[in-house]
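Enquirer: sequence plus the predicted model coming up.
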Amino acid sequence: MTADPGEAGRSADSVEDRPVRVLLVDDDETIREHLSGVLARSGLDVVTAVHGAEALHRIADRVPDLVVLDVMMPVLDGRAALRRIRSEHEWLPVILLTQVGESFERAAALDEGADDYLNKPFDPQELLARIRAVLRRSGRGRAPLSAAEVLRAGELRIERPARRVMLAGAEKQLTPRAFALLEFLMSHPDEVFDRDRLLQTVWGFDAVVTTRAVDHRIAEIRRVLADDASASRYVVTVPGLGYRFVKPVERG
C-alpha cells in the first residue's frame, strides 16, 4: 500500500525528496491492514511482510528507511529477525511491537539493537509519532544516539559502560535510577516524554511505584547538575506534558 508520491514527497515524512519507506512486519492480517492504512495516509510508503523471514527477503530486495517489527511471529520471530538485521544492516532503524510488559524483556530487545518499542495494544498515532521520532534522531548510515557509548551535551558527559556522569570535568554521583533516566532523556534529545512513558521505560511495567518517582529522580538530576528548574540548561518541564532534554547532544 503506497501513498501518493507527489504529496508524500513534499511532506515532513520524506527522505531525499521521496516518501519514507517503512517495512511493517506482523503475522496478524487485521493489524497489517489497519496500520498500513494509517501510515500510508500520513505520507509514508508502506510495504508489509507476514513474518521475519519474509521481512529479510524484503530488505534484501530494497532496504527501507525503517522497520516496524512484531516480536511474536511464526517461521522467524521478531527478535531473531532483529539480530539478522543488525548483523547485515547495522544502523537500519527498527521499532519492535511487543506483547510483554516486563522491563527485562524490553531491556533485552533494546540491547539487541531495537531503536524503540511499543507494547500492544497501542494507538496507531503513537506508532506514527515513534516512527517520526526515530527517523529524526537516526542519521542514515551512522549509529543512533541510543547506541553511543558516550553522550555529550556541552559540559555534561555520560559514559555508559562505566555508568559515569561528568560535569565540567568533575565526576558527579547519581543513583542508578536517576542515571538511567538521564541516559534515556539524553538519548532522545528535544523529545517530550510524559511521566507514564518514563516510568514504563526506566522503571518497567512490573515496578510498584507511582509517577511521582519520576519527579523525584528529575529533582535529583537537577540538584546534582546544579540545574535550576526555572531556567534549566538540560531537563525542562513541559507543563501538562512531561519532560524534555533541551541541550543538543553529540556522540562521544
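Expert: Yep, it's here.

Enquirer: can you map out the strands along the stretch 51-200 of the chain?
Expert: For the stretch 51-200 of the chain, the strands defined by DSSP state E, counting those that start in this stretch occupy 66-70, 94-98, 116-119, 150-153, 156-159, 164-167, 170-172, 192-193.

Enquirer: using CSV, write down the CA coordinates of the fifth one.
Expert: In CSV, the C-alpha atoms belonging to strand 156-159 read as follows (Å, rounded to 0.1, in the frame of the first residue of the first chain):
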residue,chain,number,x,y,z
LEU,A,156,27.8,17.4,30.6
ARG,A,157,29.1,14.0,29.6
ILE,A,158,27.8,10.5,30.4
GLU,A,159,29.9,7.3,29.9
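
Enquirer: what about that strand, average pLDDT?
Expert: In this model, strand 156-159 has an average pLDDT of 96.

Enquirer: do the last one as well
Expert: On average, the pLDDT along strand 192-193 is 90.

Enquirer: what helices and strands are in contact with it?
Expert: Strand 192-193 sits against strand 242-245, with contacts defined as 3 or more C-beta pairs under 8 Å, 6 or more residues apart in numbering; DSSP states H and E. C-beta coordinates here come from the backbone N, C-alpha and C atoms, glycine included.

Enquirer: what sits up against the strand it packs on?
Expert: For strand 242-245, contacts defined as C-beta atoms under 8 Å, 6 or more residues apart in numbering pick out 153, 185-186, 188-195, 197-198, 214, 218, 234-238.

Enquirer: restricted to helices, list those residues.
Expert: Counting by DSSP state H, those place 185-186, 195, 197-198, 214, 218 in helices.

Enquirer: drop anything exposed from these.
Expert: With burial judged by 16 or more other C-beta atoms under 10 Å, the buried subset of the ones in helices among the contacts of strand 242-245 is 185-186, 195, 197-198, 214, 218.

Enquirer: redo those as JSON lines? Include distance to residue 58.
Expert: Shown next, in JSON lines, are these (distance: C-beta to C-beta, whole Å):
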{"residue": "185", "distance to residue 58": "34"}
{"residue": "186", "distance to residue 58": "33"}
{"residue": "195", "distance to residue 58": "37"}
{"residue": "197", "distance to residue 58": "30"}
{"residue": "198", "distance to residue 58": "34"}
{"residue": "214", "distance to residue 58": "39"}
{"residue": "218", "distance to residue 58": "41"}
